[in-house]
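S.K.: 3D model of this:
(chains A, B and C)
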Amino acid sequence: MTMILEVNDLHVQFNRPEGTVHAVNGVTFQVQAGEWIGVLGESGSGKSVSLLSILKLLGDSANIPQGQARFAEHDLLTMSERKLRRLRGKDIGIIFQNLANGLDPLMRIGQQVIEPMLEHNICTKREAKRRAIALLAEMGLSDPESQFNRYPFELSGGMRQRVMMAVALACNPKLLIADEPTTALDTTVSVQVLSTLREACERRNMTTIMVTHDLGVAANVCDRVLVMYGGMIMEDAEIDGFIKHPAHPYTLGLKASIFSLKHRDIPLKPIAGSAKTWWLKPLGCPFAERCPFAIEKCWKVHPDMVKLSEQHEVACHRSQEMSTLVG
Amino acid sequence: MLDEPLLSLASVDKYFRIGSRRLHAVRNVSFTLSRGQTLGVVGESGSGKSTLGRCAIGLLTPESGRIQFDGVDIHQLTKRALRQKRKDMQIIFQDPIAALNLRTTVGQNIEDPLIVHRLGNRSERSRRVFELLDSVGLDRAHAEAFPYELSGGQQQRVMIARALSVRPKLVVCDEVLSALDMSVQAQIMLLLQDLQKEHHLSYVFISHSLSAVGYLSDFIAVMYLGQVVEYGPTETLLDRPRHPYTVTLFQSVLEIPDSKAHRSTLETLKGEIPSPLQLRVGCAFSSRCPWAQEICRLQPPAMTELGEGHQVACHFTE
Amino acid sequence: MVVRNGLRGVSMSVSTNQIVWPMGAAKRSSRLQRAWSRFAHDRMPVVGLLWLLILVIVAIFGQSLAPYPLVGDLASANQAPSIAHLFGTNNLGQDMLTVCMYGIRYTLEVGAGATVIAFLIGVVIGLVSGMAGGIVDQILMRFTDLMYSFPSLLFAIMLVQLFGESVFSIAFVLGITQWAGFSRLTRGLVLSIRNSELVESGHAIGATPFFISTRYVLPHVINSIIVYTAFFAVNAITLEAMMSIFEGIGPNPPMMSFGSLLIAGVPNVLGFPWMMAMPVLVFISILIALVVVGEGLQAALNPKGTTTL
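M.R.: Take a look at the predicted model:
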């Protein structure tokens, strides 16, 4: 297996008039070619920021004081803006959460699918159109020839998301980053879109990183899950391990706070408190203040990743005793 | 007295005018809700569930149908009488930051309904505000904070305290969880449950999430394009969903599987909700229903009683 | 294109992260203090505000602060600016600094009076119109449009003939002819939040339209109106000057408004440029001060996400 993306000790901060927000505080992970990774976390966990920052998509208020990110043979953080632009959209496709922002409202949808292909000189205009129609059809747009000339506002939310997927896949990227691709969609539509996306990625053997806040989505779609909290990775697990033996108190807490149709009789056990904005860098474990198992060490020392098995790591001081603590 | 329902809707219809066209937001909806019980209304966007919730407490006036609350037809009331009646029926909105007054403190936000209904003098009101903050799990010090200084979950707690300040009998919860983080959703859900027991409240719990509705409700109404397509006691409806749309909703719920091998196949119905502006003759769901027959496209199905209060609007209930 | 989309997409995904104030800090610094820090973030508004304060003090105590009596000494006519006469003197021998100090009072009185009156009329009409909707809105807005399209300077000049040329009457006339902007702005702002969940939550607790208008709607639209007010004051002062320039409406000599100072300066502009330049500079400084204060208010009163202009 080849490594396609390698992020090392990434830190991201936002400068706001009120102070500095420490959004990502030391994130390290590797992505193997062909994997489908889910980055799971609540708002403010740094899950989107850590991915978008390495592509320099966060504007001027974000800065990266520390860290490395390598994509294939490129060093993303030291690259010039021009070279990076050649990479984005061509080798790295991006799907955004917000439907209204992801597409240009004044441009016909077909044109938007064609544009990245022309911009990156992949093929001729005629060929691009042929590919765009095929792509829209693959994404599940019925009658793509006639839809080709429509504007985004004429489409439903689900259809717009499909167009956005087609734009992201237009240049056959090696890596796809999907930022909450189904959050804005209705339940039944979101499952359709996920299924289309997964099939399209499998067909291309495309590496995918999907940011999501939905535990159900992550558990049903991804091969590997990174759980983030307070700008750090709490747990990094292959899916079977993640489902069967979640090891971090935060992951356990999330699992105990979701409503289940199958197990309505199991009482909810929500995590106390709520996620906060990090105006100061977390000193120890960011989850300590909400963790029922926190000991003094958790407040003071940042936990390192501990290997539980070949494909399961967790950042918790008490990972060895966790199974007995939970009971 | 005990058996008399707190809220009953009979054939309620609501239209909106969009330009020259007419959007039929709620179609012929009837249900009853007893004291201390919860009706869950589940549906996707455009199903009319929020409109229904607003009609039920008189924030919107339906075109036809009757809404009986606590023994009175609320749309027969004068504006003034309806305003006074609001004391008994409250609503909690989806996005607390949009519904709270950001220019005043949390305490004043909670106090507003008391001022409006002239309940107590200044010191009695502030005592009540503290009491309410306690009961929704907030700090008394929060009374002095401004809503935007709180987290999303705390803001929603303020919304709940505000709604409960006038001791209502009915609370409409309109997507109260969807703006919140997962771990906080469960907190708010438990709070709603506790408050219901404590104050013998009735809820109309509106949500797009079948699992959330399943958690809190005694009865569930599944809505599609303005219509209730299936209605029944929670256990019955969740164990034996009969309408194809309810079944689809079921398949769309992504539960945490027991292992990788048990993951969802992500197979569900194709297609999306048609525009509610479109005219239609037959069953609303016929355009997506895999079992749709000729009759489904021509004739709208009537609600059929299946027993134990379980009703379904489908030509093929078997 | 992907990049462009990207930027738009991302600004969204970041702002959805809850921005919670640093709790400790927020508790101690009040809303007013925070508004002030935004106001003072840029130095210009502070300088402008300071200048306005100085002018107000001059306006109030002008008579006692002025270096010379208002009536001039013909012996010292047409003098260039010097240590003795900082702004020079005019053809009547009046000390221009003294004339300006008297003139400021008049200008500020008219400006403030007109602004207050227009503000009250315009905001009430706009608020009622926006909240009531329907036929009430129709009638009030047609009336507003009428006021807007009518050549109001002409109208004001006519009314001044009717009410006389006192400071109060000029302020009053300017106020009752110029409020249309306030009412259009207010109505627009009200309409933008009339269907918001905020107003709906007001209805939901059973509040009366009056309660909702005053406690929920007005506080949310007032910031933008206050900003407009600063710019309106600029306009009112300019109109007053125009009235005195073109119609000679204003105070009688030896008292002079800035408008009349300008007219008096025009014939002498070649030989004695200070006669016009000095009053013009003071006048422009008032306008600029109001504009920068207006901009400062805009920053102070519209922190991100709480108000839309």
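
S.K.: per-residue pLDDT, the residue in the stretch 101-250 of chain B that chain A sits nearest to?
M.R.: Residue of the stretch 101-250 of chain B nearest chain A, by C-beta to the nearest C-beta: B:Ala186 (3.5 Å). Placement of C-beta: from N, CA and C, glycine included. Note on B:Ala186: pLDDT of 93.

S.K.: flag every residue of chain B that's near chain C.
M.R.: With C-beta under 8 Å from any C-beta of the partner chain as the criterion, chain B meets chain C at residues B:57, B:59, B:82-87, B:90-91, B:93-95, B:98-104, B:112-113, B:116-117, B:145-146, B:148-152, B:162, B:166.

S.K.: just the buried members of the residues you listed?
M.R.: Listed as buried from the residues of chain B next to chain C are B:57, B:59, B:82-83, B:85-87, B:90-91, B:93-95, B:98-104, B:112-113, B:116-117, B:145-146, B:148-152, B:162, B:166; burial here means 16 or more other C-beta atoms under 10 Å in any protein chain shown.

S.K.: so how many other residues sit close to C:Val167?
M.R.: 17 (other C-beta atoms under 10 Å in any protein chain shown).

S.K.: next, give phi and psi for it.
M.R.: Reported as degrees, to the nearest 10, the phi and psi values for C:Val167 are phi -50, psi -50.

S.K.: before we move on, the earlier item: filter the buried ones among the residues of chain B next to chain C by proximity to chain A?
M.R.: Answer for those near chain A (C-beta under 8 Å from any C-beta): B:151-152.

S.K.: for chain A, longest helix please?
M.R.: Secondary structure of chain A per DSSP state H: the longest helix is helix A:187-204.

S.K.: tell me what that one is packed against?
M.R.: helix A:157-169, helix A:215-221, helix B:244-252 (3 or more C-beta pairs under 8 Å, 6 or more residues apart in numbering or on different chains; DSSP states H and E).

S.K.: give me the contacts around it.
M.R.: Contact with helix A:187-204 is made by A:36, A:138-140, A:157-158, A:161-162, A:165, A:169, A:172, A:176, A:178, A:181-182, A:185, A:206, A:208, A:217, A:221, B:44, B:208-210, B:248-249, B:251-254, B:264, B:266-270, B:272, as judged by C-beta atoms under 8 Å, 6 or more residues apart in numbering or on different chains.

S.K.: how about the helices and strands packed on helix A:187-204 in TSV, adding mean neighbour count and mean pLDDT?
M.R.: What follows is the helices and strands packed on helix A:187-204, written out as TSV (neighbours: other C-beta atoms under 10 Å in any protein chain shown; pLDDT from 0 to 100):
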stretch	mean neighbour count	mean pLDDT
helix A:157-169	25	90
helix A:215-221	23	92
helix B:244-252	21	90
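
S.K.: still on that earlier bit, neighbours of the residue of the stretch 101-250 of chain B closest to chain A, how many?
M.R.: 25.

S.K.: in the chain, where is pLDDT below threshold?
M.R.: You didn't say which chain, so I picked chain A. A:1, A:99-101, A:327 (pLDDT under 70).

S.K.: oops, I was thinking of chain B
M.R.: Short version for chain B, where the test is pLDDT under 70: B:1-3, B:318.

S.K.: can you give me the strands for the stretch 201-327 of chain A?
M.R.: Along the stretch 201-327 of chain A, the stretches classed as strands by DSSP state E, counting those that start in this stretch are A:207-212, A:224-229, A:232-238, A:306-309, A:312-314.

S.K.: contacts for the second one?
M.R.: With C-beta under 8 Å, 6+ apart as the test, strand A:224-229 has contacts from A:27, A:29, A:35-42, A:45-47, A:50, A:218-219, A:233-239, A:242, A:248, A:250-251, A:254, A:275, A:286-287, A:311.

S.K.: so what strands line up beside it?
M.R.: In the sheet, strand A:224-229 lines up against strand A:36-40 (parallel), strand A:232-238 (antiparallel) (DSSP bridges).

S.K.: does chain B sit close to the following helix or strand past the first one?
M.R.: Think strand A:36-40. For strand A:36-40, the following helix or strand on the C-terminal side (DSSP states H and E) is helix A:47-54. No. Helix A:47-54 lies out of reach of chain B by C-beta under 8 Å from any C-beta, never closer than 12.0 Å.

S.K.: helices and strands around helix A:47-54, which ones?
M.R.: Secondary-structure packing of helix A:47-54 (3+ C-beta pairs under 8 Å, 6+ apart): strand A:3-16, strand A:19-32, strand A:36-40, strand A:62-71, strand A:175-179, strand A:207-212, helix C:2-15.

S.K.: and the angle for the fifth one with helix A:157-169?
M.R.: Following axes from the mean of the first three to the mean of the last three C-alpha atoms, to 10 degrees, one obtains 150 degrees for the angle between strand A:175-179 and helix A:157-169.

S.K.: now do strand A:175-179: distance to the chain's middle.
M.R.: Remark: strand A:175-179 is offset 7 Å from the chain centroid, using C-alpha atoms, centre = their mean, to the nearest Å.

S.K.: what does that strand contact?
M.R.: Contacts for strand A:175-179 (C-beta under 8 Å, 6+ apart): A:4-5, A:31, A:48, A:51-52, A:55, A:71, A:91-97, A:168-169, A:197, A:201, A:206-211, C:9, C:13.

S.K.: list the strands paired with that strand, with their directions.
M.R.: Next to strand A:175-179 in the sheet, as set by DSSP bridges, lie strand A:92-95 (parallel), strand A:207-212 (parallel).

S.K.: angle of it against strand A:62-71?
M.R.: Angle of strand A:175-179 versus strand A:62-71, following the same axes, to 10 degrees, is 150 degrees.

S.K.: ok, now the first one?
M.R.: Using the same axes, to 10 degrees, one finds that strand A:3-16 and strand A:62-71 are set 180 degrees apart in direction.
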